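Q: fold the following for me, if possible:
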Amino acid sequence: MNQPEAQHFRRSSEVTLERHIERVFPEGLSYQDAAQLCLRLYSSVDGVPARLHSECSKDGLAETFARLAQRGLVNTPALEAALYGANFHAVQEKGHWVEVIASIFKKGGTVDAQAGARLAARLTDRG
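A: Have a look, this model is predicted:
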């Protein structure tokens, strides 16, 4: 295997937040669950494997959840998008998830702490 092939293989076999979510939620996530998990991961990475912490920034989460939606892993319509002020972008776009995260600051009351904790517990080292 030449060097570029070896680098590609290493990158493709790395555990990313997207792959971790896909592994933990093979059935996918409803839109509401995806939004709450995204908000929880933005607010706290407590219990989440340390190797994934760097992906839990606003941009990292927005890119991750957009890719999950593009791949059909956000598997219900985004009927609640307006509650998050995220109805100006398609759920498959990074901008949609940036707006979901921004709802914490713009709208308030968008975080369901119990739902977020329940979902995040499945991602944790202990869950």
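
Q: the spatially closest residue to residue 74 that is not a sequence neighbour is in what secondary structure piece?
A: Nearest in space to residue 74, with sequence neighbours left out and distances taken as CB to CB, 6 or more residues apart in numbering, is residue 34 at 4.6 Å. In short, each C-beta sits where N, CA and C put it, glycine included. Taking DSSP states H and E as the definition, residue 34 sits inside helix 31-43.

Q: in that helix, what's buried?
A: In terms of neighbour count (16 or more other CB atoms under 10 Å), helix 31-43 has its buried residues at 31-42.

Q: and what of stretch 17-31?
A: 17-18, 20-22, 25, 28-31.

Q: before we move on, what about stretch 80-98?
A: Buried residues in stretch 80-98 (16+ other CB under 10 Å): 80-81, 84, 86, 89, 91-94, 96-98.

Q: again with stretch 66-83
A: Buried, per 16+ other CB under 10 Å, within stretch 66-83: 66-69, 73-74, 78, 80-81.

Q: distance between the ends of that stretch?
A: Using CA to CA, to the nearest Å, one end of stretch 66-83 lies 18 Å from the other.
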